[in-house]
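J.: Sequence first, then the predicted structure, then my questions.
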Amino acid sequence: MNASDFAKSPVLQSLIEVLEKIELNPSNSISLTTNDLLIVHNQRVLHGRTAFTSNTSRLLKRIR
């Protein structure tokens, strides 16, 4: 596959579309439910969260 073929590939075009959406709106939200796990690398991702509203306990572990 040469550079011209690669530039026209559907996979590359899909990737470009996703990256353009992120560039225009870099904020994404994720809804977690019971037993879901989210791992975030603090040095790679700028993150925040909305208020934690639940009467149940939660487990938070810091991995270094």
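T.: Thanks, I have it. What you see is a predicted model; the values in this text were computed from it and never measured.

J.: where in the chain is pLDDT low?
T.: Low-confidence segments of the chain, defined by pLDDT under 70: 1, 46-47, 52-54.

J.: for it, which helix is longest?
T.: Determined from DSSP state H, the single longest helix within the chain is helix 10-24.

J.: Tell me which stretches of this structure form helices.
T.: 3-7, 10-24.

J.: JSON lines for these, including mean neighbour count and distance to residue 50?
T.: Every C-beta, even on glycine, is put in place using the N, C-alpha and C of the backbone. Output for the helices of the chain, formatted as JSON lines (neighbours: other Cβ atoms under 10 Å; distance: least, Cβ to Cβ, whole Å):
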{"stretch": "helix 3-7", "mean neighbour count": "9", "distance to residue 50": "40"}
{"stretch": "helix 10-24", "mean neighbour count": "10", "distance to residue 50": "20"}
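
J.: With distance to residue 30 added, can I get those helices in JSON lines?
T.: JSON lines is the format used below for the helices of the chain (distance: least, Cβ to Cβ, whole Å):
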{"stretch": "helix 3-7", "distance to residue 30": "32"}
{"stretch": "helix 10-24", "distance to residue 30": "14"}
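
J.: Tell me which of the ones you listed lies nearest to residue 62.
T.: Set against residue 62 and scored by Cβ to Cβ, the helices of the chain come closest in helix 10-24, at 27.2 Å.

J.: Who are the packing partners of the closest one?
T.: If you count contacts as 3 or more Cβ pairs under 8 Å, 6 or more residues apart in numbering; DSSP states H and E, helix 10-24 packs onto no helix or strand.

J.: at 10 Å instead, please
T.: When contacts are defined as 3 or more Cβ pairs under 10 Å, 6 or more residues apart in numbering; DSSP states H and E, helix 10-24 packs onto helix 3-7.

J.: Show me what the helix it packs on is in contact with.
T.: 12-13, 16 (Cβ atoms under 10 Å, 6 or more residues apart in numbering).

J.: out of the helices of the chain, which comes closest to residue 51?
T.: helix 10-24 (25.1 Å).

J.: quick one: the closest one to chain centroid distance?
T.: 14 Å (Cα atoms, centre = their mean, to the nearest Å).
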